[in-house]
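1. Fold the following for me, if possible:
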Amino acid sequence: MKKKLVLNVLLAFAITGAGTAFAAQTTVPVSSLQPAIPFEKPVLSGAGGKLVLSDSPETFTEAGAFYRDRLEGEFRVFWHHQNEAPETLSVGVAVTNESAEPVNLYARGLGIGTNVYVDVAGQTALADFMRTQKETVLAATLAPGQSYFATAATAPDITNSGIVQFQAMTKSGNKPASVTVTTLAFNGQPDHPNQVDVLPGDSLTRGTFPHFDRIGTLKYDTAMGNAYLSVDSDAVGPWSGDAMPGEYEEGWDAVDGIKVINNGNYGVMYHLTAEITNSDHRPKTASLYMNPAGGYGHYAVELNRQIYESDFLSYEDAWNIVNVKLNPNGGTYKTEMSLTGGSSGPQVFYFTNQAK
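-> You can find the predicted model right below:
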């Protein structure tokens, strides 16, 4: 993405539900965590339904659709668009039932952020998505031809970032249903969003990808000392060559009929199981830091049912996300990281440990 977005990180230890908490931010110079050794890269597998990425055209000067595709069952939509039109427009996504029978549309996570600062818009969107993703609610029962909208008013020069997850099921029989998904901007809600003309794209990406999640296992031994893992390294470009096996999947732009890559995996949730071995066999504290190596921004973290939202971080900072007390035998921790935006470079996670 040509403008700096925000890396938003969700860290969860067997969490259900989430509140919001704000705490003093602890950062250190990333140089203080170096030297560090690289982790053996975990092999990732794709999971979940399809992911729609809408980032082209990233900036727009008139109302219209940005992207459209037909999806079935469960799917996630991520969009990032800046309004350069001379008027306030509603920006977001519409889901249309084009079948001959009613469709139940369920929501499992919905966040939309609008702000003059692109990173703050992204932080707001992810934090709201995290607050709502733990439960499934019936968003609407769509009659044939009816549409459901998830949008926010977006003034000129304001960025709208969104991440939402839906599941479409037939009302009769509760089977996966096919719906038409359109990301768009409008002044006056259209009766048929699935028929709104699609705007020409720009140099950025729009497309549909096979899976919205990645799953893998990360192994850390306290004997390693400081260790790091790059997440969200580019598939192509100046930061390419450091991606994890299975991190990227090829997508398809249903509008332009071309193959595409989601460079940065925007909208993808990373589910990593961290297996920590305490080979020192004495109580220790393990610490997790995040360094936005490719840029800067505001971030969000979920821990023990609380969502933490950071102040501004630069590429020189390492944010101390969490400290975990280890018993002599170590432990296994479930982590979930969502890089819904960020710079074009990698986001680097550091593990350290010290005596308890």
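
2. G92 against A153, yeah?
-> No. In this structure, G92 is not within contact of A153 by Cβ atoms under 8 Å, at 9.8 Å. For every residue, glycine as well, the C-beta is placed using N, CA and C.

3. Which of those two has more residues huddled nearby?
-> G92 (24 against 14; other Cβ atoms under 10 Å).

4. Could you tell me the model confidence score at the nearest residue to the more buried one once chain neighbours are set aside?
-> Spatially, and ignoring its direct neighbours in sequence, G92 is nearest to T151 (3.1 Å; Cβ to Cβ, 6 or more residues apart in numbering). pLDDT for T151: 98.

5. Based on its surroundings, how many neighbours for T151?
-> T151 has 19 nearby residues by other Cβ under 10 Å.

6. With V137 instead?
-> Counted with other Cβ under 10 Å, residues neighbouring V137 total 9.

7. Run through the residues that contact it.
-> 106-108 (Cβ atoms under 8 Å, 6 or more residues apart in numbering).

8. give the contact list for the residue nearest to G92.
-> 90-94, 112.

9. quick one, helices of this structure?
-> Taking DSSP state H to define them, one finds helices in the chain at 118-132.

10. residue ranges with poor pLDDT in it?
-> Within the chain, the segments meeting pLDDT under 70 span 1-24, 239, 303-305, 330-345.

11. ok, back up a step: which members of the contacts of T151 are positioned in strands?
-> 90-94, 112 (DSSP state E).

12. which of those residues lies closest to N291?
-> I112 (27.9 Å; Cβ to Cβ).

13. Looks like that closest one contacts T159 (just checking).
-> No. The criterion here is Cβ under 8 Å, and I112 misses it with T159 at 11.1 Å.

14. Adding distance to Q195, write the ones in strands among the contacts of T151 out as JSON lines.
-> Below are these laid out as JSON lines (distance: Cβ to Cβ, whole Å):
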{"residue": "S90", "distance to Q195": "17"}
{"residue": "V91", "distance to Q195": "18"}
{"residue": "G92", "distance to Q195": "17"}
{"residue": "V93", "distance to Q195": "15"}
{"residue": "A94", "distance to Q195": "11"}
{"residue": "I112", "distance to Q195": "23"}
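
15. so which of those is the most crowded?
-> Result: V91 is most packed of the ones in strands among the contacts of T151 (other Cβ under 10 Å), 29 neighbours.
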